[in-house]
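Participant: This is a predicted model, with the sequence first.
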Amino acid sequence: MSDYYRRSARVLVTDADDRVLLLLSAPNEIEPEPVWITPGGGVAPGESLVEAAAREAREEIGLAVTPADLGPVVAWGAGTVPAWPDTGVFRDDYFHVRVSTHEVDTSAMEEFEAGFHRGHRWWTAADLSSTSARVIPWGLAPLLRDLAAGRAPAEPVRLPWHH
């Protein structure tokens, strides 16, 4: 993981209605406009990607999953973030988990995360295809359709970088 300035492990949580859960982030130094994002965040030293994804799901949305529940990476994206204090390449790796239903609980968010959290929403692929809102990752709708149809990619799909 040392080839990247920052690694993030993110989770595509889909429900029985084939919707994906996204969190609304307030404008900040990286994103000047509100943006819908997947649960997830930075990988801690000594932590594997899948361990980080499970931890972030618990912290950000109150979803208790194990690394085994998440399975392999289904998508990834990498690029630079121009507004970050230091220069480097960031990489986001996306895991997928299907739940029948889930009541979001943000009470375990870190103080930093809670300061930017403005809500959550379950999105269909059609919602994602037609929205004018900023959604990260880009290119999520086709992947969501495949996952809903039970077609997990044989190799992780590369999603367009969002900055």
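Facilitator: Thanks, I have it.

Participant: Next up, the contacts around S48.
Facilitator: If you count contacts by Cβ atoms under 8 Å, 6 or more residues apart in numbering, S48 has them with P67. Bear in mind the C-beta positions are built from the backbone N, C-alpha and C, glycine included.

Participant: again, but for G139
Facilitator: Residues in contact with G139 (Cβ under 8 Å, 6+ apart) are L159, P160.

Participant: and it, what are its phi and psi?
Facilitator: phi 80, psi 20 (degrees, to the nearest 10).

Participant: what about it, distance to P160?
Facilitator: Distance, G139 to P160, using Cβ to Cβ, to the nearest Å: 5 Å.

Participant: Helix or strand for the nearest residue to G40 once chain neighbours are set aside, just tell me which one.
Facilitator: Among residues not flanking G40 along the chain, R10 sits closest, at 3.0 Å (Cβ to Cβ, 6 or more residues apart in numbering). Counting by DSSP states H and E, the element that carries R10 is strand 6-14.

Participant: immediately after that strand, which helix or strand?
Facilitator: Counting by DSSP H and E, the next helix or strand C-terminal to strand 6-14 is strand 20-25.

Participant: mean confidence for that following strand?
Facilitator: Mean pLDDT, strand 20-25: 95.

Participant: now for that strand, which elements pack on it?
Facilitator: strand 6-14, strand 35-37, helix 49-61, strand 117-123 (3 or more Cβ pairs under 8 Å, 6 or more residues apart in numbering; DSSP states H and E).

Participant: any idea of the angle it forms with strand 117-123?
Facilitator: Counting by axes from the mean of the first three to the mean of the last three Cα atoms, to 10 degrees, strand 20-25 points 160 degrees away from the direction of strand 117-123.

Participant: L24: which of the helices and strands packed on strand 20-25 is closest?
Facilitator: Proximity to L24 (Cβ to Cβ) singles out strand 117-123 among these, at 4.3 Å.

Participant: List the strands paired with the closest one, with their directions.
Facilitator: In the sheet, strand 117-123 lines up against strand 20-25 (antiparallel) (DSSP bridges).

Participant: Give me the distance from the strand it pairs with to the chain's centre.
Facilitator: Centre-to-centre, strand 20-25 and its host chain are 8 Å apart (Cα atoms, centre = their mean, to the nearest Å).

Participant: Flag the shaky bits of the chain, pLDDT-wise.
Facilitator: When residues are selected by pLDDT under 70, those of the chain lie in 1-2, 29-30, 83-87, 163.

Participant: show me the contacts for E31.
Facilitator: When the contact criterion is Cβ under 8 Å, 6+ apart, the partners of E31 are S25, R134.
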